[in-house]
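Visitor: Coordinates only, no sequence provided:
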């Protein structure tokens, strides 16, 4: 079975440009999570969705960040305008809400973002 | 305040030298504790879920245990391929499906 698929794997762009990260969750999973990982702050939850609806976006750092999930098989995380401090690895994860939740989250291999 | 703390930050072992990694937590309403392995350039890979104090799970050279305050990941006779960063995460009842991750332990096993 295919796991969580993220694209692009690497993105290098200049400050001020718009960046769009993409994620395809595991088929049948109804929860989708966006994380950011840095050496200083570790793995931080940015936002998560249940059945395509955003549930908690309290981790989104600023209004420059936005996320959408137009259908069950696709989500985007957008940064506009981008800044050098946004440089990090961004992960998407998905999980099943069956059995009352408490199921493991399964991660993609991330997008390494560098803002110059 | 909910906290998850992993120790040590880094651990260097010789091949075959057994040891343990620690994940301590101060949360209310623990629903589950999850262990992950992360290789460089990859996403975290799920290893184990522990739901209640006293529970144990095993997979090859790894064994995870859980008490009311902490979890241990025991590595028996490690091999170089066990080198990775190990992360723990907690799921608490008032935040449905939201995980809180520790900062990880970077394990290096030398041949």
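Guide: Arrived safely, thanks for sending. Every value quoted in this text rests on a predicted model; they were computed, and no experiment measured them.
Visitor: For chain B, which residues are neighbours of chain A?
Guide: Taking CB under 8 Å from any CB of the partner chain as the measure of proximity, chain B contacts chain A at B:31-32, B:34, B:36, B:41-46, B:49, B:51, B:87, B:89, B:91, B:95-99, B:101-104. All C-beta atoms are positioned from the backbone trio N, CA, C, and that covers glycine.
Visitor: one more time with 6 Å, if that's ok
Guide: B:31-32, B:34, B:42-44, B:46, B:49, B:91, B:96-97, B:101, B:103 (CB under 6 Å from any CB of the partner chain).
Visitor: Now list the buried members of those residues.
Guide: The neighbour count (16 or more other CB atoms under 10 Å in any protein chain shown) marks B:31-32, B:34, B:43-44, B:46, B:49, B:91, B:96-97, B:101, B:103 as buried among the residues of chain B next to chain A.
Visitor: List just the nearest of the residues you listed to residue A:85.
Guide: The closest of these to residue A:85 turns out to be residue B:103 (CB to CB; 19.3 Å).
Visitor: Report pLDDT for residue 42.
Guide: With no chain named, the answer covers chain A. Here the pLDDT value assigned to residue A:42 is 92.
Visitor: meant chain B actually
Guide: For residue B:42, the pLDDT comes out at 97.
Visitor: just residue A:11 next, same as before
Guide: Reading off the model, residue A:11 has pLDDT 97.
Visitor: again, but for residue A:99
Guide: pLDDT, residue A:99: 65.
Visitor: if we can go back for a sec, just flag the most distant two among the buried ones among the residues of chain B next to chain A.
Guide: Maximum pairwise distance in these, criterion CB to CB, is 23.7 Å, between B:96 and B:103.
Visitor: Please report the distance of residue B:82 from chain A.
Guide: 19 Å (CB to the nearest CB, to the nearest Å).
Visitor: For that residue, which residues are in contact?
Guide: Residue B:82 is in contact with residue B:109, counting by CB atoms under 6 Å, 6 or more residues apart in numbering or on different chains.
Visitor: Apply 8 Å and report the result again.
Guide: Neighbour list for residue B:82: B:61-62, B:75, B:107, B:109 [criterion: CB atoms under 8 Å, 6 or more residues apart in numbering or on different chains].
Visitor: Ramachandran angles for it?
Guide: phi -80, psi -10 (degrees, to the nearest 10).
Visitor: ok, now how distant is it from residue B:110?
Guide: Distance, residue B:82 to residue B:110, using CB to CB, to the nearest Å: 11 Å.
Visitor: Same question for residue A:53.
Guide: 48 Å.
Visitor: neighbour-wise, which of the two wins?
Guide: Counted by other CB atoms under 10 Å in any protein chain shown, residue A:53 and residue B:110 do not tie: residue B:110 has more neighbours, with 11 against 7.
Visitor: All set, thanks.
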